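Enquirer: only geometry, no sequence info:
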């Protein structure tokens, strides 16, 4: 009964020569032994270099392998393949902090690849929902619109929906610099994952980490725009494998910044198309949702372990379209979203976050008395409701003119201006405490008559309202 | 386990396998694959080959690995001990899996769905010598404070004579509690644990009409778009519009006896939230913990996709089992779109010809089959029980014209459309009063008449009319501003705006507001309409509208959802009195 198992094990490591087909990043091989699904593959190219790949489809006739480092320069007869009998693993270690690596975890900074102490399957395993600890620790980012209205919680996955040319990199770097959990020491680490972004974007982050003196506590996984696109689909998995080790074995609070998820999805689409799979929306594969979930769900907290993984993925919405499959499916998986608006950016506001479509699902359990301040939930609710009315008034004003508005609606406009220019808008280095943020929120509400504030209590009005 | 090799793997393509050398495999047979014994199911048979979908991650499976047949279909294990559990999509208990593999779920694990060791106090209700038929009740077990579990004659036994039944006492679920002699003379041992294939609806005697509402305590649902017990409803909405929040609220407060909550391809933390929160919440009707009536099925988005496809059926099979004991069961399926996408993914891997947007052509059939398992039934033991299905739909881009929303609409009779605009302005629940509908209005009319002194149907119609008129008036306001409208029309805008903040919005975190009893809903709607009628009269008599909205009684109406508890409803009458008196006074001042 076990014969074919042991036979396969004996044969793993044996080298086969001569590919049957090479198409993009996919190499097909015939007449191999029985190869396992998902096995790691080493390709030799004839010039002595080794590339890594993974089995995508296996049968008793052919094996299809995707090559992470691209197939440039491979020839059909010259390609050698060894099946290693196990899935792709990463040797994880704390030594990886302070280092720059490629998508597979190999050194990129010239020095030797960090020695790991444990090999981990990069695909990970799903966290048992009963083992999860519900995240409720408030992270103060020092950015009012986030702390006040879309609060980030330790263990949350909160993506930034942005567009090309907007200031998402500045914001992500600012969050990485300023994020803290108040009243707790804790051991923090950052993992930065670049997928198909330009070198200068990566450089911007490295410089920003260096300036704030945290570079030794950052592990960088870079798969840049000129690296093979296929490498991108393994990069976040490698990085999250390290994150799980740091968080759940070493007790660190890990912030994972991933940019740009849209590039990741495009690489998946590339593979899907090459394999002739039936596409769903906009040519993206039908399993895009499951695939993204395998990345995003690797965040959170586990009962009895002190660390956490917080994800801050950045994705650019093609043509600023929030209903594009990438932001859309992301929004269905992540615990909220921070949405950038081009118009606000054009008006010189930073961060250009529109609070109305933005949302933090975990906020409800992480704010209020004992966590931020007792008036926070109602205040946030009131700011949303009032700002939403400002938008209606602005629309009306653009038709009938501001002079024709009622006195009350003019007050709303005044509130809106203060809210955008003083509450939302802030400097790249401005680090506001949550109390400053909330007080600023009340200052904005004080531009409105108190009868208009239906979502806060009379006591809160008595204590904070200054109209 | 009755194990035989049915074939060997020929090809592995993600969660779909081709198995060769097939001779006696059966369609939908449960199989175990490779030496790790991964769980799978036969979904297609052709030319000596079988297509098998694997319910776990297929990494490491290779050609020529053995595939073992179990001789039975993918089934649920039913019996005392289901309530309060959290299962994955193929009914493996997640708590127990944690004991086996720690915080992360390893592959190839198996565990009994309900404890085979725990003893339950069984009380027989039938005597030796009684002739029984399938579905009749043999005895009972107090499963939780609230639920009496009724052990039934297995559905595989058409009829027979009880030749032995145990005395009242403690038994495990695997010990026989009765022996039944079949007409042919064969004697069958009946333990409390039984199995049922998840894809087959359990039989009942007949379908009854759906004339009782499922009360959820959410005003916009109960008063405007009611769901009947045994009915079906879809909740479509883009991300962030509050599908899950609405489902949670209904699961917490609706007046079903049992809740089956299926987290199908959703977030892990959401299931954790339910798991941590429900045991601490108290059911307002029974005073017991909400977990005493809840079964959770969690197949989160990062768990294997084929098990996600199965999770919906696992959930409904458990629901039908309790319905057959005479309970009202409500299923929350969050989200059916993920289930449809799982179908699409598996169909794609099987290289089937796609229909719309890559979904298989049998998508509408599967959706119809699922929703048809809801209903208000007379059970085989002549009790009444129901299964109501509340299915969330997650349309891509929030676009309701996509296939899953459209096909679901054809098979459900109630529709609670979530609106992104409402969600953005934090109007929760963001159920749109313009897109939503309920076809159960006439079915539940009689029940509501009895509970609202006949006012419900009429008042509901009045407020719906006002909301429709408001839409037209708003269009005018958008063009020319509110000052252009006469006060009588502005007053409609005013009343609708009050209705939205005071009635339609509901705060899930407020102790008082999160559950609104029927009597309070009736009174709240009544007082708002009274304000409209009285106010309109006054405006016709020359009172300016600004004076009306500043009345203290009107301010109080805006807050009554928070301030007035379920046992102080006379306060609403008092507000109405004060409002009417104040308006009369104003009328006196402005009389010519």
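Expert: Perfect, I can see it now. Computed from a predicted model, the values in this text were never measured in an experiment.

Enquirer: where does residue B:68 sit: helix, strand or coil?
Expert: For residue B:68, the assignment made with DSSP: H, G, I helix; E, B strand; the rest coil gives strand.

Enquirer: that one touches residue B:6, doesn't it?
Expert: Yes: using Cβ atoms under 8 Å, residue B:68 is in contact with residue B:6, at 6.9 Å. In short, each C-beta sits where N, CA and C put it, glycine included.

Enquirer: other SSEs contacting the lengthiest helix in chain B?
Expert: Looking across chain B with DSSP state H, the single longest helix is helix B:456-480. Applying 3 or more Cβ pairs under 8 Å, 6 or more residues apart in numbering or on different chains; DSSP states H and E, one finds that helix B:456-480 makes contact with helix A:376-400, helix B:445-451, helix B:487-499, helix B:518-540.

Enquirer: change it to 6 Å
Expert: helix B:487-499, helix B:518-540 (3 or more Cβ pairs under 6 Å, 6 or more residues apart in numbering or on different chains; DSSP states H and E).

Enquirer: neighbour count for residue B:68 and residue B:6, which is higher?
Expert: residue B:6 (24 against 19; other Cβ atoms under 10 Å in any protein chain shown).

Enquirer: phi, psi for that one please.
Expert: phi -100, psi -10 (degrees, to the nearest 10).

Enquirer: from chain A, how far off is it?
Expert: From residue B:6 across to chain A, the span is 14 Å (Cβ to the nearest Cβ, to the nearest Å).

Enquirer: ok, that residue - contacts?
Expert: B:25, B:67, B:69 (Cβ atoms under 6 Å, 6 or more residues apart in numbering or on different chains).

Enquirer: helices of chain A, start to end?
Expert: A:3-11, A:144, A:168-178, A:199-211, A:235-244, A:261-274, A:288-296, A:325-333, A:342-346, A:376-400, A:407-418, A:434-445, A:458-464.

Enquirer: tell me the most buried of these?
Expert: Compared across the helices of chain A, helix A:235-244 shows the largest average neighbour count, a mean of 27 (mean count of other Cβ atoms under 10 Å in any protein chain shown).

Enquirer: residue B:113 is nearest to which of the helices of chain A?
Expert: helix A:288-296 (24.9 Å; Cβ to Cβ).

Enquirer: now the closest one, how far from the centre of its chain.
Expert: 12 Å (Cα atoms, centre = their mean, to the nearest Å).

Enquirer: that one - contacts with which helices or strands?
Expert: Using 3+ Cβ pairs under 6 Å, 6+ apart, helix A:288-296 sits against helix A:325-333.

Enquirer: next, the angle from the helix it packs on to helix A:261-274.
Expert: On the basis of axes from the mean of the first three to the mean of the last three Cα atoms, to 10 degrees, helix A:325-333 is oriented at 110 degrees to helix A:261-274.

Enquirer: check whether helix A:325-333 contacts chain B.
Expert: Yes: applying Cβ under 6 Å from any Cβ of the partner chain, one finds helix A:325-333 in contact with chain B at A:328, A:331-333.

Enquirer: what residues does that helix touch?
Expert: Taking Cβ under 6 Å, 6+ apart as the rule, helix A:325-333 contacts A:159, A:161, A:262, A:265, A:281-282, A:284, A:288-289, A:292-293, A:296, A:315, A:317, A:337, B:239, B:301, B:394, B:396-397.

Enquirer: where does the stretch 1-150 of chain A have low pLDDT?
Expert: Low-confidence segments of the stretch 1-150 of chain A (pLDDT under 70): A:1-10.

Enquirer: near chain A, which residues of the stretch 51-200 of chain B?
Expert: Counting by Cβ under 6 Å from any Cβ, the stretch 51-200 of chain B sits next to chain A at B:58-64, B:86, B:94-95, B:98, B:103-105.

Enquirer: repeat that for the stretch 451-592 of chain B.
Expert: Checking the stretch 451-592 of chain B against chain A by Cβ under 6 Å from any Cβ, the hits are B:481, B:501.

Enquirer: for whichever residue of the stretch 451-592 of chain B sits closest to chain A, what are its contacts?
Expert: Shortest the stretch 451-592 of chain B-to-chain A distance, computed as Cβ to the nearest Cβ: residue-wise this is residue B:481, at 4.6 Å. Residues in contact with residue B:481 (Cβ under 6 Å, 6+ apart) are A:400, A:404.
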